[in-house]
Structure formats: C-alpha cells, structure tokens
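> got a sequence here, can you build the structure:
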Amino acid sequence: MMTRKHYEEIVKILATHKVSEALLFDLARMFENDNPRFETGRFMAKYIEIQNALQTKNIITNYKINT
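Residues are numbered from 1 along each chain as shown. Next up, the predicted model:
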C-alpha cells in the first residue's frame, strides 16, 4: 500500500508535466482502491497548488528576463 509520501511525490511529478485531468482522475481512482484513506480532493488541490506555484515562478522568471 502506498502512503501520503508516495502520493505527494507523484503529484509533484504530475504537476510538473501538466498531465491531463483524465489521467489525474484515473490515478486518483487507482489510489483510492489501493488505500481507503486516500483523499482525491486533497490530491487534486495539491496538483492545482503546485501548478499555480510553477506558473507564478515562470511569470516572475519571464519578467526578469524581459526587463
């Protein structure tokens, strides 16, 4: 059975590669079957949080390069 640490590392990788929503939900379903304590909402929220942080970082980096 996978643990929260596994899920956290997986979601970081997925967010970095901007995977499809369908893949996220398929993986969440698999994780729920593996671990009844898995929380899909928390997983999706973390994905969005990481995506937003990466976008902000890219915006700041691009701004510094262009100015």
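> in this structure, which spans are strands?
In order along the chain, the chain carries no strands (DSSP state E).
> how close does residue 11 sit to residue 1?
Going from residue 11 to residue 1 by C-beta to C-beta, to the nearest Å gives 17 Å. All C-beta atoms are positioned from the backbone trio N, CA, C, and that covers glycine.
> more neighbours, those two?
For residue 11 versus residue 1, neighbours defined as other C-beta atoms under 10 Å are more numerous around residue 11 (24 against 9).
> surely the more buried one and residue 48 touch.
No. Here residue 11 lies out of contact with residue 48, judged by C-beta atoms under 8 Å, at a distance of 9.9 Å.
> quick one: residues contacting residue 53.
By C-beta atoms under 8 Å, 6 or more residues apart in numbering, residue 53 lies in contact with nothing.
> begin at 48, not 1, for the rest of this chat.
Taking 48 as the first residue, the last one we looked at is residue 100.
> could you report the neighbour count for residue 75?
A count of nearby residues for residue 75, using other C-beta under 10 Å, gives 20.
> let me fix that: residue 102
11.
> now the one 3 residues further on
Here the neighbour count serves as a burial measure; for residue 105 (other C-beta under 10 Å) it reads 10.
> also residue 76?
12.
> one more: residue 94?
20.
> swap in the one 5 residues further on?
Summarising burial for residue 99: neighbours were counted as other C-beta under 10 Å, giving 11.
> distance of it from residue 85?
According to C-beta to C-beta, residue 99 stands 22 Å off from residue 85.
> residues contacting stretch 54-66, please?
By C-beta under 8 Å, 6+ apart, the surrounding residues in contact with stretch 54-66 are 70-71, 74, 78, 85, 90, 93-94, 97-98, 101.
> redo that, cut-off 6 Å
By C-beta atoms under 6 Å, 6 or more residues apart in numbering, the residues outside stretch 54-66 that reach it are 90, 93-94, 97-98.
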